[in-house]
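Student: below are the sequence and a predicted model; questions follow.
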Amino acid sequence: MRLDVVTIFPEYLDPLRAALLGRAIDRGLIEVGVHDLRDWTHDVHRAVDDAPYGGGPGMVMKPQIWGPALDDVCGENTRLVVPTPAGRPFTQAMAHQYATEEHLVFACGRYEGIDQRVIDDAARRMPVDEVSIGDYVLVGGEAAVLVMVEAVVRLLPGVLGNARSAEEDSFSDGLLEGPSYTRPEVWRDLAVPDVLRSGNHALIDRWRRDQALERTVRRRPELIGQLPEGSLDKHDLAV
Ligand SMILES: Nc1cc(-c2ccc3cc[nH]c3c2)n[nH]1
């Protein structure tokens with residue numbers, strides 16, 4: 001997989017080259033390019049924004065700059081992803097879909113966003129997703145790209161040390177993950193649940209499933225209704 005990011009703050013994407021993601025790059029599991037949008041400007045001020053038609057606060061990013069940048073960075077098999085508070089919610093299912101893509105390009109807006117014609121023009125040549133990572137407003141798209149890239153790259157074969165980690169994710173079965181514990185057995189008078197030390201893996205698996213169900217019902221009841229038909233067995237329904 002190749003990932004490219006276009007931004008006016010390329011240094012904001014430095015964390016992509018650290019830790020797990022950095023190791024995935026070093027091992028050739030992914031290629032990452034970060035591009036400074038201002039490299040496509042021509043004026044002495046390297047302007048990337050202008051006042052909004054119709055008035056209103058802030059500035060809008062210029063199509064004449066974004067257009068050529070995306071023309072150069074996007075290819076034949078690119079999916080363009082544009083973070084925006086007005087986008088479709090980013091989900092684990094989308095992360096899995098993106099993990100199958102050959103080439104992802106992330107367009108990071110700033111100010112009040114990117115002129116809509118940039119997205120509409122790109123959509124004439126490639127799949128384009130306007131995506132939100134949550135119902136809150138950031139100052140630009142870069143933090144959203146870091147979040148999405150981490151969620152996607154960790155799913156690529158060979159990236160995570162223990163394959164089970166991705167398979168046993170929260171949301172992998174539509175439920176939230178239950179609690180985790182490690183040594184010591186008792187810490188500040190708080191003990192690890194006995195079942196986890198029982199060695200009875202059938203019981204442990206059942207307990208973990210019950211914890212996941214209870215946590216999901218309590219914290220994200222709407223996810224229960226989204227489970228695929230037949231996901232809950234009669235024991236689950238008794239939880
Ligand atoms: N989920 C979410 C995305 C954003 C976002 C994305 C791009 C820009 C550009 C300027 N402000 C932005 C905010 N906020 N929250």
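Tutor: Right, received. Where do you want to start? Residues are numbered from 1 along each chain as shown.

Student: in this structure, where's the longest helix?
Tutor: If you go by DSSP state H, the chain has its longest helix at helix 201-219.

Student: wouldn't residue 122 be in contact with residue 128 here?
Tutor: Yes: between residue 122 and residue 128 there is a contact under C-beta atoms under 8 Å: 5.1 Å. In this view, the C-beta of every residue, glycine as well, is placed from N, C-alpha and C.

Student: what is in contact with those two at once?
Tutor: residue 80 (C-beta atoms under 8 Å, 6 or more residues apart in numbering).

Student: follow-up on the earlier one: and the longest helix of the chain, what does it pack against?
Tutor: helix 221-224, helix 234-238 (3 or more C-beta pairs under 8 Å, 6 or more residues apart in numbering; DSSP states H and E).

Student: pull the residues that contact that helix.
Tutor: Here helix 201-219 makes contact (C-beta under 8 Å, 6+ apart) with 173, 175-179, 193, 195-196, 198, 223-224, 232, 235-236, 239.

Student: buried sites along the host helix or strand of residue 3?
Tutor: Element membership for residue 3 (DSSP states H and E) is strand 2-7. Buried residues in strand 2-7, counted by 16 or more other C-beta atoms under 10 Å: 3, 4, 5, 6, 7.

Student: for it, what is the distance to the chain centroid?
Tutor: Offset of strand 2-7 from its chain centre (C-alpha atoms, centre = their mean, to the nearest Å): 14 Å.

Student: you'd agree residue 38 is up against residue 48?
Tutor: Yes: using C-beta under 8 Å, residue 38 is in contact with residue 48, at 6.2 Å.

Student: low-confidence ranges, the chain, go.
Tutor: Under the criterion pLDDT under 70, the flagged ranges of the chain are 162-171.

Student: in it, which residue is closest to the centre?
Tutor: Central residue of the chain (C-alpha atoms, centre = their mean): residue 148, 2.0 Å from the mean position.

Student: dump the residue contacts of the residue nearest to residue 159 when sequence neighbours are not counted.
Tutor: Leaving aside its chain neighbours, residue 159 sits nearest to residue 24 (4.8 Å; criterion: C-beta to C-beta, 6 or more residues apart in numbering). Residue 24 makes contact with 30, 153, 156, 158, 159 under the criterion C-beta under 8 Å, 6+ apart.

Student: buried among those? Make that a ChimeraX selection.
Tutor: Applying 16+ other C-beta under 10 Å to these, the buried members can be selected in ChimeraX as follows:
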select :30,153,159
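
Student: between the helices and strands packed on helix 201-219, which one is closest to the ligand.
Tutor: helix 221-224 (18.5 Å; C-beta to the nearest ligand atom).

Student: what packs against the closest one?
Tutor: helix 201-219.

Student: the biggest strand by length in the chain vs strand 2-7, what angle?
Tutor: Secondary structure of the chain per DSSP state E: the longest strand is strand 78-89. Angle, strand 78-89 to strand 2-7, by axes from the mean of the first three to the mean of the last three C-alpha atoms, to 10 degrees: 60 degrees.

Student: much appreciated, bye for now.
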